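K.L.:
Got a sequence here, can you build the structure:
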Amino acid sequence: MSTDFTYRISTTRFDEDYSPSESSRATTNFANLARGDDRRENLRSALTMIDRRFNDLARWDNPEGDRYTLELDIVSVDVEFAASGDDQRFPLLEVLDLVIVDRTTGVRHHGIVGNNFSSYLRDFDFSVLLPAASAAAGSFTVPDDFGALHGKLFQDFLESAAYRKRFTVSPVICISVSTSKTYRRTDNHHPVLGVEYAQDDYSLTDEYFGKMGLQVRYFMPAGSVAPLAFYFRGDLLNDYSNLQLIGTISTMETFQKIYRPEIYNANAAAAHVFRPTLDSGDFSRTRVDYDREERSRLAVTQGKYTEEHFVKPHGELLARWAGLSPALVH
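P.N.:
As a prediction, the model looks like this:
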């Protein structure tokens, strides 16, 4: 733990009245939903999809399929530097925290923190640093220690007093599988996570999360049409309850149906050998739509913002703290 900076946690309820804060990344899944004239309808539709999927997976003692509802909070983490001057506070990351409400008993079950993962520094790594290194080399090139700073900051946050005071278990991040890899169905089957898929080698995203101290496994739950990638510390299958796992599946599968319908709202389920693609036309759109091209453009803008307000002013300090060469941070 560094004495040069600390972590500050704040939360925002994610409901139909949600409005993104000025420090939220514009490309974040939940921020995308809360834009434009249809923002309230988008949010209401997404939350309804989450609840319905949860009850679909939690069918026991749930004859009418409406026993549970989810409450979602956006957890925003800022890194605050001890030195005085400008840019002394920066939005490091955002995740989702879930509470599962049992309408029958009134019991509130704490879900898994993590789920969605948003990071300005990741935008810098993938949308500024990686393209610059590839352009300089004349071909696709991954810089030395790519993602090392981001990974060290994430792990330091998980070990911090701020995290331990608020959360008792490790996070689980759940995102789409990579369109650059092939996945093969295995014989392993979990009662909630579903059938497990495996791949021969890791994607760049898998390796990036690996530097954050997270392992990855790929599961396709019952009723799903494609596997999800689950990034975790510890034991994914035994560290969490069935309801906790269902909370993460229902929330993140809903986001993926909206943002990657070609994969997660396809009209046919993944085969034994699965090659995800965004070029398929055999899928159904949800009632919620968004501009994927705009999202890519904003990632570059946000990466450059990170370079100007985080990497440049604090790069030397961060490199020294992380044990990296300053050249690898700038």
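K.L.:
For Glu94, see how far away the closest residue to Ala322 other than its chain neighbours is.
P.N.:
Nearest residue to Ala322, sequence neighbours excluded (CB to CB, 6 or more residues apart in numbering): Lys152, at 4.6 Å. The way it works is simple: take the backbone N, C-alpha and C, and place the C-beta from them, glycine included. As judged by CB to CB, to the nearest Å, Lys152 and Glu94 stand 19 Å apart.
K.L.:
So the residue nearest to Ala322 belongs to a helix, correct?
P.N.:
Yes: under DSSP: H, G, I helix; E, B strand; the rest coil, Lys152 falls within a helix.
K.L.:
returning to that earlier point: counting neighbours, go ahead and name the busier of Lys152 and Glu94.
P.N.:
Between Lys152 and Glu94, Glu94 has the larger neighbour count (other CB atoms under 10 Å), namely 25 against 19.
K.L.:
now that one, what's its secondary structure?
P.N.:
strand.
K.L.:
I figured it hits Ile74, correct?
P.N.:
Yes: counting by CB atoms under 8 Å, Ile74 is a contact partner of Glu94 at 5.8 Å.
K.L.:
which SSE is Leu70 in?
P.N.:
strand 68-81 (DSSP states H and E).
K.L.:
same thing with Ala299?
P.N.:
helix 292-306.
K.L.:
mean confidence for that helix?
P.N.:
Mean per-residue pLDDT for helix 292-306: 78.
K.L.:
what's Met252 sitting at in phi/psi?
P.N.:
phi -80, psi -30 (degrees, to the nearest 10).
K.L.:
and what of Arg217?
P.N.:
phi -140, psi 150.
K.L.:
who does it bridge with?
P.N.:
Phe230 (DSSP bridges).
K.L.:
likewise Thr69?
P.N.:
Here Thr69, judged by DSSP bridges, has bridge partners Val101.
K.L.:
hey, where'd the helices end up in the protein?
P.N.:
Per DSSP state H, the chain carries helices over the ranges 29-33, 39-57, 120-124, 130-137, 148-158, 161-166, 204-210, 242-259, 261-264, 292-306, 312-322, 326-329.
K.L.:
can you list contacts of the second one?
P.N.:
Taking CB atoms under 8 Å, 6 or more residues apart in numbering as the criterion, the residues outside helix 39-57 that touch it are 14-18, 33-34, 36, 62, 65-70, 72, 100, 192, 221-223, 246-247, 249-251, 253-255, 257-258, 286-288.
K.L.:
picking up where we left off before, in JSON lines: the helices of the chain, plus distance to Ser180.
P.N.:
Below are the helices of the chain laid out as JSON lines (distance: least, CB to CB, whole Å):
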{"stretch": "helix 29-33", "distance to Ser180": "21"}
{"stretch": "helix 39-57", "distance to Ser180": "27"}
{"stretch": "helix 120-124", "distance to Ser180": "17"}
{"stretch": "helix 130-137", "distance to Ser180": "14"}
{"stretch": "helix 148-158", "distance to Ser180": "20"}
{"stretch": "helix 161-166", "distance to Ser180": "32"}
{"stretch": "helix 204-210", "distance to Ser180": "8"}
{"stretch": "helix 242-259", "distance to Ser180": "17"}
{"stretch": "helix 261-264", "distance to Ser180": "13"}
{"stretch": "helix 292-306", "distance to Ser180": "16"}
{"stretch": "helix 312-322", "distance to Ser180": "28"}
{"stretch": "helix 326-329", "distance to Ser180": "25"}
